[in-house]
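**Student:** Sequence plus the predicted model coming up.
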Amino acid sequence: TFKTGYNKMWFAGRHAVKALEARTFSASTALHKKHELFDRILIANRGEIALRVMRTCKKLGIETVAVYSDADARAQHVLNADHRYHIGEAPSAKSYLNADKIIEACLATGAQAVHPGYGFLSERAHFAEKLDKNGIVFIGPKPHALTVMGDKLESKRIAREAKVSTIPGFSGAINDADHAVQIAREVGYPVMVKAAAGGGGKGMRIAWNDDECREGFRFSKNEAKSSFGDDRILIEKFIETPRHIEIQVLADSFGNTIYLNERECSIQRRNQKVIEEAPSTFLDPETRKAMGDQACSLARAVGYQSAGTVECLVDKHRNFYFLEMNTRLQVEHPITEEITGVDIVEQMIRVAAGQKLKLQQSDIGINGWAFEARVYAEDPYRFLPSTGRITTYQDPSHLDPKNIRAESAIVEGSDISIYYDPMICKLVTHGPNRKAALDLLARALDNYVIKGVTHNIPLLRDILTKKAFIDGHLSTNFIKEEYPEGFKGYQLNADEAKNLAVTGAVMTAIRQLTDGVPAVPAYYVTIGDKTTKIQVTKTHSGFAASVDGAAATPVTTSWYPGKSVIEATVADTPLVIQHTSRDGQTYKLRFHGTVFDVQVRTEKEQQLSSLMPVKAKADVSSKVYTPMPGQIISLAVQPGATVVAGAEVAVMEAMKMQNKLTAPRTGVVKAIHCKVGDTVEGDFVIIEFEPEAAAAKKA
């Protein structure tokens, strides 16, 4: 129901919104009276991007309308809008992807224009056309540009005609998996199998041989149909060890087109960006200009109006190839805003209102360096999304409000559901140079407190420690090359392990002092398989800690029980550690992003621990568990079937990504506990195998 004068609740998230509202963009044009733009804009999106658009609208004096599904009734973008309108059930297809409901909301609320954000309907030409027929302005490119640039096959044809460098490949219709294999052989492995009307890493697979091509064709086609309603597939040559570098463009309806330099987006997993930076360490001025000029030529070729991004692959010789054009506001646009001072959302609104760009190419410079780390609710060890409720949330923007930008719609109590993208925050830092921006990002991640869901900060923080990343030697293979056996967490060196153990001992001493418990002679601290004896004494300036009988070292900290972030100095080494939880004698301490079990015992407890039986590990080899909540898309086995280890047994979809589930061992299927179409929770047993002895008898 539409409500005016909504009595907004001022949660903690409102403070973050107000901090971001205070930011200014020096190169933006002077404000005009709101009637020269729009009186009211509806944001056809949710979460952080809806809040981001609202921030600029407020600066321009424009009222905002939030739309929301059942799942988002109390979401921050709803609470911070001037008006709100309910558009349907939680699934996107019944709410945020329902163009008719969005238009209904516009007509009911008097919204004159729609900003689509990114994702959902942002690149749907039919949506822009429907808005136009109803006299509502689409804040984005015209339908023709959306259509031709949204089709990877057509966009490559136009790019070639506009003299833009393109990747070799096949741009015709692919009939089936056999046809895909034939084309892949002609192009030459490795190839990229990808959705013709896709984006965001969905519907994309790399194939190195025929089998992978067949499987990639099947999964890409299914994901493309589910995510974009278009299952056409294209195949192109996969450029090995490339950089992913994109150019931000702005264009108006008067033929003016400029580029806002580049963004380096090479740190990816599953073709989805993880950390971005601007500018790129790799581009020289000549290559930057050449890429920018070609990006502008492509925009002009389709009569582009609004903000858009031309994505390219760049090889080690700085040869660049057009990949695709994203005809919308890009997720990572904040880093471009940070180094150019241009409010991209404002420029989109002004262009949509029929105004000329008041910026020229000569106005666009590079001021410092910026990074964006995408903080997701996902398991960084398995790269699988996580769902649940955020129980504790403290973003780090307070450390340096001018240079840390936490783009988020999360507050304590927010839910991460199976229906939407699991992004928690886009954490952006800016500095006068790359090292300053990078150091600030590390500090921000160390101070970022998120409890209640699993998140990917361990991986983000660890990436920042890698020499190749520090030196700017990047490629889209970075994660695969740095973590060939998968991400295992940060690896402590001897000094770090000792300092973490000392911190655990001092924390216990502080707890005992707080509770009035007499001090003990020594603590026995275990991290992994190493136990250290630590004596802690109180001093006038803090504490002194002696490790295994060595000379005592000074320890200072302002930590107290209940505080999440521990700032301490151990032997002149400053530390930032998070206390995530405690279970009896064991603290869970997060250091460099990774959580370590730090067990602290008294001498008596240490002696008694040797008498405790070791708990046997549960046997999980006879069951197939779902790695996350989601929907069962297909089942490849039935009771009584014999399957081999590693064979596909089911496919499930979560957050529009399909995941193949495989047999943990060779065996006979005993039971199946779900059917196609079921929605299941994480760690749900969908298939059971006969015990190995029973299976052997049947064989």
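**Tutor:** That came in fine, so what should we check first? Keep in mind it's a predicted model, so treat the numbers as computed, not measured. Numbering: from 1, shown residues only.

**Student:** just checking, what's the longest helix in this structure?
**Tutor:** In the chain, ranked by residue count with DSSP state H as the criterion, the top helix is helix 494-515.

**Student:** Give the rounded mean pLDDT of it.
**Tutor:** Confidence over helix 494-515, taken as the mean pLDDT, stands at 96.

**Student:** Kindly spell out which helices and strands sit in contact with it.
**Tutor:** strand 523-527, strand 530-538, strand 543-547, strand 553-557, strand 565-570, strand 573-583, strand 586-591, strand 594-602 (3 or more Cβ pairs under 8 Å, 6 or more residues apart in numbering; DSSP states H and E). Using the backbone N, CA and C atoms, a C-beta is placed for each residue, glycine as well.

**Student:** how close does the closest residue to residue 223 other than its chain neighbours get to residue 362?
**Tutor:** The shortest distance from residue 223 to any residue that is not its chain neighbour, by Cβ to Cβ, 6 or more residues apart in numbering, is 4.2 Å, and that residue is residue 203. Distance of residue 203 to residue 362, computed by Cβ to Cβ, to the nearest Å: 40 Å.

**Student:** Between the two, which has more neighbouring residues?
**Tutor:** For residue 203 versus residue 362, the count of surrounding residues by other Cβ atoms under 10 Å is larger for residue 203: 31 against 7.

**Student:** Do I have it right that the more buried one meets residue 194?
**Tutor:** Yes - taking Cβ atoms under 8 Å as the contact criterion, residue 203 and residue 194 are neighbours in contact, 6.1 Å apart.

**Student:** which residues do these two both contact?
**Tutor:** 220, 233 (Cβ atoms under 8 Å, 6 or more residues apart in numbering).

**Student:** And the contacts of stretch 662-672?
**Tutor:** Residues external to stretch 662-672 that are found in contact with it (Cβ under 8 Å, 6+ apart): 620-624, 635, 637-649, 686-690, 692, 694-695, 698-699.

**Student:** For the longest strand along the chain, C-alpha coordinates in PDB please.
**Tutor:** For the chain, the longest strand by residue count, based on DSSP state E, is strand 257-269. Output of strand 257-269 as PDB, limited to C-alpha atoms (Å, rounded to 0.1, in the frame of the first residue of the first chain):
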ATOM      1  CA  THR A 257      30.300  11.400 -25.100                       C
ATOM      2  CA  ILE A 258      33.200  11.200 -22.600                       C
ATOM      3  CA  TYR A 259      35.000   8.500 -20.600                       C
ATOM      4  CA  LEU A 260      35.800   8.500 -16.900                       C
ATOM      5  CA  ASN A 261      39.000   6.400 -17.200                       C
ATOM      6  CA  GLU A 262      39.200   2.700 -16.300                       C
ATOM      7  CA  ARG A 263      38.500   0.300 -13.500                       C
ATOM      8  CA  GLU A 264      40.700  -2.800 -13.000                       C
ATOM      9  CA  CYS A 265      38.300  -5.800 -12.200                       C
ATOM     10  CA  SER A 266      40.700  -8.700 -12.600                       C
ATOM     11  CA  ILE A 267      40.300 -10.300  -9.200                       C
ATOM     12  CA  GLN A 268      37.400 -12.600  -9.800                       C
ATOM     13  CA  ARG A 269      36.000 -16.000  -8.900                       C
END
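
**Student:** Can you tell me what sits against the helix or strand just after it?
**Tutor:** Per DSSP states H and E, strand 257-269 leads on to strand 272-278 as the next helix or strand towards the C-terminus. Contacts made with strand 272-278 from outside it, assessed by Cβ under 8 Å, 6+ apart, are listed as 200-201, 244, 261-265, 267-268, 331-332, 335-336, 338-339, 369-374, 434, 437, 456, 459-460, 463, 479.

**Student:** so strand 272-278 versus strand 257-269, what angle?
**Tutor:** Compare the direction of strand 272-278 with that of strand 257-269 by axes from the mean of the first three to the mean of the last three Cα atoms, to 10 degrees and you get 130 degrees.

**Student:** Indicate each strand paired with strand 272-278 and its parallel or antiparallel sense.
**Tutor:** With DSSP bridges as the criterion, the sheet partners recorded for strand 272-278 are strand 257-269 (antiparallel), strand 369-376 (antiparallel).

**Student:** To residue 397, which of these lies closest?
**Tutor:** Residue 397 lies closest, by Cβ to Cβ, to one member of those: strand 369-376, at 12.6 Å.

**Student:** for that closest one, what is the average pLDDT?
**Tutor:** Taken as a whole, strand 369-376 carries a mean pLDDT of 98.

**Student:** again, but for stretch 335-350
**Tutor:** Confidence for stretch 335-350, expressed as mean pLDDT, is 98.

**Student:** Distance from that stretch to the middle of the chain?
**Tutor:** 21 Å (Cα atoms, centre = their mean, to the nearest Å).

**Student:** Start and end of it, how far apart?
**Tutor:** Start and end residues of stretch 335-350 are separated by 21 Å (Cα to Cα, to the nearest Å).

**Student:** What of stretch 465-472?
**Tutor:** The first residue of stretch 465-472 is 12 Å away from its last residue (Cα to Cα).

**Student:** got the contact list for it?
**Tutor:** Contacts of stretch 465-472 from elsewhere in the structure, counted by Cβ under 8 Å, 6+ apart, are 267, 281-282, 434, 438, 463-464, 474, 478, 481-482, 490, 592.

**Student:** Please report how far the residue nearest to residue 478 when sequence neighbours are not counted lies from residue 442.
**Tutor:** If you skip the residues right next to it in sequence, residue 478 has residue 267 as its closest partner in space, 5.4 Å away by Cβ to Cβ, 6+ apart. Applying Cβ to Cβ, one obtains 15 Å for the distance of residue 267 from residue 442.

**Student:** Comparing the two, which shows the higher neighbour count?
**Tutor:** With other Cβ under 10 Å as the criterion, residue 267 and residue 442 differ in neighbour count, and residue 267 comes out ahead with 23 against 19.

**Student:** how close does the more buried one sit to residue 317?
**Tutor:** Between residue 267 and residue 317 the computed distance is 21 Å (Cβ to Cβ).

**Student:** Please apply the same query to residue 692.
**Tutor:** Residue 692 is 54 Å from residue 317, where distance means Cβ to Cβ.

**Student:** And these two? Which one has more around it.
**Tutor:** Ranked by neighbour count (other Cβ under 10 Å), residue 692 and residue 317 place residue 692 first, with 14 against 6.

**Student:** re the thing from before, report the buried residues of the longest strand of the chain.
**Tutor:** Using 16 or more other Cβ atoms under 10 Å as the test for burial, strand 257-269 gives 257-269.

**Student:** just to revisit the earlier point, keep only those of the contacts of stretch 465-472 that are in strands.
**Tutor:** Checking the contacts of stretch 465-472 against DSSP E, those in strands are residue 267.

**Student:** Kindly write the ChimeraX command that selects the buried subset of the contacts of stretch 465-472.
**Tutor:** Here is the ChimeraX command that selects only those of these that count as buried (16+ other Cβ under 10 Å):
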select :267,282,434,438,463,464,474,478,490,592
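
**Student:** What about the contacts of stretch 465-472, which are in helices?
**Tutor:** Counted as lying in helices by DSSP H, out of those, are 434, 438, 463, 478, 481, 482.

**Student:** can I assume the third one is in contact with residue 267?
**Tutor:** Yes - with the criterion set as Cβ under 8 Å, residue 463 and residue 267 qualify as a contacting pair; they are 6.5 Å apart.

**Student:** hey, what's in contact with both of these two?
**Tutor:** Both residue 463 and residue 267 are contacted by 274, 275, 469, 478, 479, under the criterion Cβ under 8 Å, 6+ apart.

**Student:** who does the residue nearest to the spatial centre of the chain bridge with?
**Tutor:** Centroid-nearest residue in the chain, with Cα atoms, centre = their mean: residue 374, separated by 3.9 Å. Note on residue 374: beta-bridge partners by DSSP bridges are residue 426.
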